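Undergrad: I would like the atomic coordinates for the input below:
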Amino acid sequence: MTQMSAIPDFYYFCFAAYEPFLTTIGFLGTCADPTSAHNSQAPWPIGALPFNVLPRATLVTTLQLAHVCALIGIINCFVLTAARKHLQDNPALQEKIVFSLLTPLLFGDLFHLIITLWALGDQKWDFWNWSPMLWTTVILGLSLMIPRIAWHLGIARYVDKRDGLSQEAATKKLKDLSK
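TA: Numbering: from 1, shown residues only. Alright, predicted model coming up:
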């Protein structure tokens, strides 16, 4: 049976509930202890000690980054909820709106993973030296990137190019039968 929504329950949960929850918790955790959030992002070189107090610029950057992540999560919730509610009778338009939201986020997921691994340098494959925060960042990032890829592949959702014609035919058939 064809999905009649570009935002079925699974995708709605992932991007309008799970992602905002993760990004908000990350922001609150960073606000509560920005030094630990900063220091636990990657393994420290041998002989280098993590900061006890962050330089002001590093503190501001860390808090701003956490804020932007939370903001993206909240934007997801608002846009997907509005599209699902107000465009429920127009899945083709719903799909276009969601595509416009999820496409840059998919690029962001990919670049986030690439930049994280690049920044680790020679330690990128030393998994046993990864901090719990680094593992969390990578695993949670993949837990959002994989469903975004699945959405773009049209898995378990309405895709206008694939499902639109059959839907139009079914609607026409219903109209003909009601005459």
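
Undergrad: show the pLDDT at the residue most central in space within the chain.
TA: Per Cα atoms, centre = their mean, the C-alpha nearest to the average position across the chain is that of Leu144, at 4.6 Å. Leu144 carries a pLDDT score of 98 in this model.

Undergrad: what do you get for the one 4 residues further on?
TA: With respect to pLDDT, Arg148 scores 98.

Undergrad: again with Asp109
TA: pLDDT recorded at Asp109 is 98.

Undergrad: for Tyr18, list the residues it contacts.
TA: When contacts are counted by Cβ atoms under 8 Å, 6 or more residues apart in numbering, Tyr18 touches Ser143, Leu144. No exception for glycine: its C-beta is placed from N, CA and C like everyone else's.

Undergrad: at 10 Å what do you get?
TA: Counting by Cβ atoms under 10 Å, 6 or more residues apart in numbering, Tyr18 makes contact with Tyr12, Gly73, Asn76, Leu140, Ser143, Leu144, Pro147.

Undergrad: pretty sure the fourth one contacts Gly73?
TA: No - contact between Leu140 and Gly73 fails when scored by Cβ atoms under 10 Å: they sit 11.6 Å apart.

Undergrad: who has more neighbours, the two?
TA: Higher neighbour count among Leu140 and Gly73: Gly73, with 23 against 15, using other Cβ atoms under 10 Å.

Undergrad: test my guess that the more buried one contacts Ala16.
TA: Yes - in this structure, Gly73 is within contact of Ala16 by Cβ under 10 Å, at 9.1 Å.

Undergrad: circling back: shared neighbours, Leu140 and Gly73?
TA: Counting by Cβ under 10 Å, 6+ apart, the shared contacts of Leu140 and Gly73 are Tyr18, Glu19, Leu22, Thr23, Gly26.

Undergrad: of those residues, which belong to helices?
TA: Those of those mapping onto helices are Glu19, Leu22, Thr23, Gly26, per DSSP state H.

Undergrad: excluding chain neighbours, what is closest to the first one?
TA: By the measure of Cβ to Cβ, 6 or more residues apart in numbering, the closest residue to Glu19 outside its immediate chain neighbours is Gly73, 4.9 Å from it.

Undergrad: what about the one you found, which SS state?
TA: The three-state assignment at Gly73 reads helix, by DSSP: H, G, I helix; E, B strand; the rest coil.

Undergrad: give me the pLDDT for it.
TA: So, for Gly73, pLDDT stands at 98.

Undergrad: contacting residues around it?
TA: By Cβ under 10 Å, 6+ apart, the contact set of Gly73 is 15-27, 144.

Undergrad: quick one: neighbours of Leu142, just the number.
TA: Using other Cβ under 10 Å, Leu142 is surrounded by 12 other residues.
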